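1. No sequence on hand, only this structure:
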């Protein structure tokens with residue numbers, strides 16, 4: 001059974017706050033949304049049947065980022081010790097650092113698939129090394145993961161291009177997109193999914209609207225065609241404050257179901 005954990009933290013957002021409100025809004029779609037609880041592969045994704053809900057992590061942001069990240073990492077490590085896959089709902093993308101840090105200690109040679117409009121490889125964005133624009137720089141600096149594949153990227157600066165070379169990241173920019181990268185992915189595999197990998201036409205409820213992204217069907221195809229089951233994932237950067245008629249919440253809920261269906265293979 002999959003474990004679901006909400007991490008309502010957006011203190012490291014560089015543009016707009018609001019992602020901290022995402023986990024309960026995504027969960028709400030199971031009851032108040034317009035879809036049923038079945039994945040496209042025919043797996044019922046319902047509470048108590050396919051997944052256990054561990055609730056939302058209570059984070060005291062006044063304690064600072066270091067304390068918050070320690071709390072996130074320790075909580076994730078504790079759930080991983082209980083066994084089974086884990087899906088975390090963010091939250092801004094900075095939370096991926098402590099989450100993946102815990103996963104990398106549980107799984108040797110962890111491989112990461114990162115779907116995003118942004119590479120999030122800045123060394124020190126806006127003088128904040130823990131910015132949501134920097135988690136993968138912090139992850140790769142530790143040298144504890146086997147590979148990082150980034151797909152959907154369409155905002156690479158000169159600094160981030162240098163960072164991809166420094167850390168030997170496999171980048172599939174959106175302008176060059178194909179599904180060929182799927183055949184190179186290996187287990188154990190972790191998925192970090194930023195909703196702004198989608199074109200804002202399909203996901204308006206994100207802080208950073210970056211035109212030229214993928215459509216929902218392409219993203220679903222990636223998740224459904226992953227060559228190995230996921231050991232963990234995070235779904236981040238949904239911002240209910242910018243959503244339109246809960247459209248992005250429904251997209252996030254759909255993605256949550258398909259990710260869980262992969263984990264239950």
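-> Received the coordinates, thanks. Model, not experiment: these values are computed from the prediction. Residues are numbered from 1 along each chain as shown.
2. Remind me what the lengthiest strand in the chain packs against, helices and strands.
-> Assignment by DSSP state E gives strand 145-153 as the longest strand of the chain. Strand 145-153 sits against strand 110-115, helix 135-142, strand 170-173, with contacts defined as 3 or more Cβ pairs under 8 Å, 6 or more residues apart in numbering; DSSP states H and E. In short, each C-beta sits where N, CA and C put it, glycine included.
3. Pull out the buried residues from it.
-> Neighbour-count burial for strand 145-153, with 16 or more other Cβ atoms under 10 Å as criterion, is recorded at 145, 147, 148, 149, 150, 151, 152, 153.
4. Tabulate those (a markdown table), appending distance to residue 49.
-> Converted to a markdown table, the buried residues of strand 145-153 look like this (distance: Cβ to Cβ, whole Å):
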| residue | distance to residue 49 |
| --- | --- |
| 145 | 32 |
| 147 | 33 |
| 148 | 33 |
| 149 | 31 |
| 150 | 33 |
| 151 | 31 |
| 152 | 31 |
| 153 | 36 |
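5. Throw the residues you listed into JSON lines and include pLDDT and distance to residue 41, thanks.
-> JSON lines is the format used below for these (pLDDT from 0 to 100; distance: Cβ to Cβ, whole Å):
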{"residue": "145", "pLDDT": "97", "distance to residue 41": "28"}
{"residue": "147", "pLDDT": "98", "distance to residue 41": "26"}
{"residue": "148", "pLDDT": "98", "distance to residue 41": "27"}
{"residue": "149", "pLDDT": "98", "distance to residue 41": "23"}
{"residue": "150", "pLDDT": "98", "distance to residue 41": "26"}
{"residue": "151", "pLDDT": "98", "distance to residue 41": "21"}
{"residue": "152", "pLDDT": "98", "distance to residue 41": "23"}
{"residue": "153", "pLDDT": "98", "distance to residue 41": "28"}
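6. Specify the angle between the longest strand of the chain and helix 135-142 in degrees.
-> Going by axes from the mean of the first three to the mean of the last three Cα atoms, to 10 degrees, strand 145-153 is angled at 160 degrees with respect to helix 135-142.
7. in its sheet, what does strand 145-153 sit against?
-> Looking at strand 145-153 with DSSP bridges, its partner strands are strand 110-115 (parallel), strand 170-173 (parallel).
8. in the last one, what counts as buried?
-> Neighbour counts using 16+ other Cβ under 10 Å place 171, 172 of strand 170-173 among the buried residues.
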